[in-house]
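In: Sequence first, then the predicted structure:
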Amino acid sequence: MTDSIVWDHNLIDSDVEFNYSFKYHLIKYNSQIISVKTSYTGTDILEPNIITIKNEDTNEIIYQFPLDSDCVRTLSGHLKVFMYSDTILWVGVDGNKYHNVWLVDLVNLTWERKLSKFPIKAIRLVGQKCFYTHPEINLPDLCKVFPWTDLFQLDNPSEQIYEFPQGSDLVHMDWSSSSIGYLENCVYSHIYYNSTNMDLLDENFFKIINLSIQDLFPNYQPIQTNPPDKLETIIRVNNNILLYYEYIKPVYRYPEKTLLKPGQTNIYCWDFTYNTQVKFPNYETELFTCVIKPYRTLTNKAIYVAIEYFEFNTRRKKYESN
């Protein structure tokens, strides 16, 4: 379940590495926060690679088990981890030869290993109802959507239930809080990269409406520059929160690395759970942005994080609403 992934925790707050969320794999389970890590650190491969599942609230180890020899060099950052159900932890690993899945029963403390026909890194979760596989870069294949239950049998998946072209994303979006009848039926959204539009879909992937940012945010005002600068747009949805991020990159003169013009942001956010706009401050920046992620904190507050960089220096910064 995508809502089992924890994006806000004191462990994460103290970490400024690029792969901050993937390093710890923090998961909500039974009203507690657990972490999933491998013992391999990138140097010693003489010992077996051990998965450790730890309760971060009590600092107690819940369970440990060895990975197959195919995964002896797997770092924690190479895992894909989430709760498949209320009691089953799903751990995926792309090994040297095989695509592996461990299904861990956290109640009985047992595990079952299965192989996957899909690369683990190609699997993208869509809420709690389905997932899709993203083709290898430079391949013309479509993204294919499969039912959630196939995550339990990736060695023998069923036929895809939907497909869509690359250059876009499929996300879960629950707008049952809307007072507009047809929007209550929205279950998914088809988002297009570097676009201001998205398609709202029902549970059968039929399009309900094409919605623009101007439709969603009546108070929308574009960035005004003279002369007009190249504008990049990013739409991200996570935890039923949509973040629209307009961004003009800073301008530098090289090789001196002299800042000629700071970058600028224009941010709009909508919380579909509460059917309300969340306001974030806009700001000028000397850094470039490569990743943004909205999320809901453990106290149910809408926040987003950005991965920002200049040259080889990278930082993770959390932004809170007004």
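Out: That came through, no problem.
In: Contacts made by stretch 196-215 with the rest, please.
Out: Under the contact criterion Cβ atoms under 8 Å, 6 or more residues apart in numbering, stretch 196-215 has outside partners 129, 145, 161-162, 173, 175, 182-183, 185-192, 220, 233, 235, 244, 268. Backbone N, C-alpha and C define where each C-beta goes, glycine included.
In: do stretch 299-316 as well
Out: With contact meaning Cβ under 8 Å, 6+ apart, stretch 299-316 is reached by 7-8, 15-18, 20, 236, 241, 243, 257, 269, 271, 278, 280, 285-297, 317-321.
In: surely residue 238 meets residue 293?
Out: Yes: contact status for residue 238 versus residue 293: in contact at 5.9 Å, counting by Cβ atoms under 8 Å.
In: Could you name every residue contacting both of these two?
Out: residue 7.
In: Could you tell me which strands the helix or strand where residue 200 lies is paired with, and in which direction each runs?
Out: Using DSSP states H and E, the element containing residue 200 is strand 197-201. Here strand 197-201 is paired, per DSSP bridges, with strand 188-192 (antiparallel), strand 207-212 (antiparallel).
In: Now residue 264: closest residue in space that isn't a chain neighbour?
Out: residue 248 (4.7 Å; Cβ to Cβ, 6 or more residues apart in numbering).
In: out of the strands paired with strand 197-201, deepest packed?
Out: With neighbours taken as mean count of other Cβ atoms under 10 Å, these reach their highest mean count in strand 188-192, at a mean of 21.
In: Is it possible to mark the buried ones in the contacts of stretch 299-316?
Out: 7-8, 18, 20, 236, 241, 243, 269, 271, 278, 280, 285, 287-289, 292-296, 319 (16 or more other Cβ atoms under 10 Å).
In: Sort out for me which of those are in strands.
Out: 236, 241, 243, 269, 271, 278, 285, 288-289, 292-296, 319 (DSSP state E).
In: Which one of the residues you listed is nearest to residue 79?
Out: Nearest to residue 79 out of these is residue 293 (Cβ to Cβ; 18.0 Å).
In: so that closest one sits right up against residue 236, yeah?
Out: Yes: applying Cβ under 8 Å, one finds residue 293 in contact with residue 236, separated by 6.3 Å.
In: Stretch 168-177: how far from the chain's middle?
Out: Computed by Cα atoms, centre = their mean, to the nearest Å, the chain-centroid distance of stretch 168-177 equals 13 Å.
In: What residues sit buried inside it?
Out: 169-173, 175.
In: mind listing what residue 229 touches?
Out: Counting by Cβ under 8 Å, 6+ apart, residue 229 touches 223, 248.
In: Hmm, I typed the wrong one, I wanted residue 37.
Out: Residue 37 neighbours (Cβ under 8 Å, 6+ apart): 24-25, 51-52, 54, 76.
In: would JSON lines of those residues with neighbour count be doable?
Out: Output for these, formatted as JSON lines (neighbours: other Cβ atoms under 10 Å):
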{"residue": "24", "neighbour count": "22"}
{"residue": "25", "neighbour count": "22"}
{"residue": "51", "neighbour count": "24"}
{"residue": "52", "neighbour count": "15"}
{"residue": "54", "neighbour count": "18"}
{"residue": "76", "neighbour count": "20"}
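In: Let me know the closest of these to residue 156.
Out: Nearest to residue 156 among these, with distances taken as Cβ to Cβ, is residue 51, at 24.4 Å.
In: Wasn't the closest one part of a helix?
Out: No: counting by DSSP: H, G, I helix; E, B strand; the rest coil, residue 51 falls outside a helix, being strand.
In: Could you give the bridge partners of it?
Out: residue 38, residue 65.
In: same deal with residue 319?
Out: Bridge pairing for residue 319 - DSSP bridges - gives residue 304.
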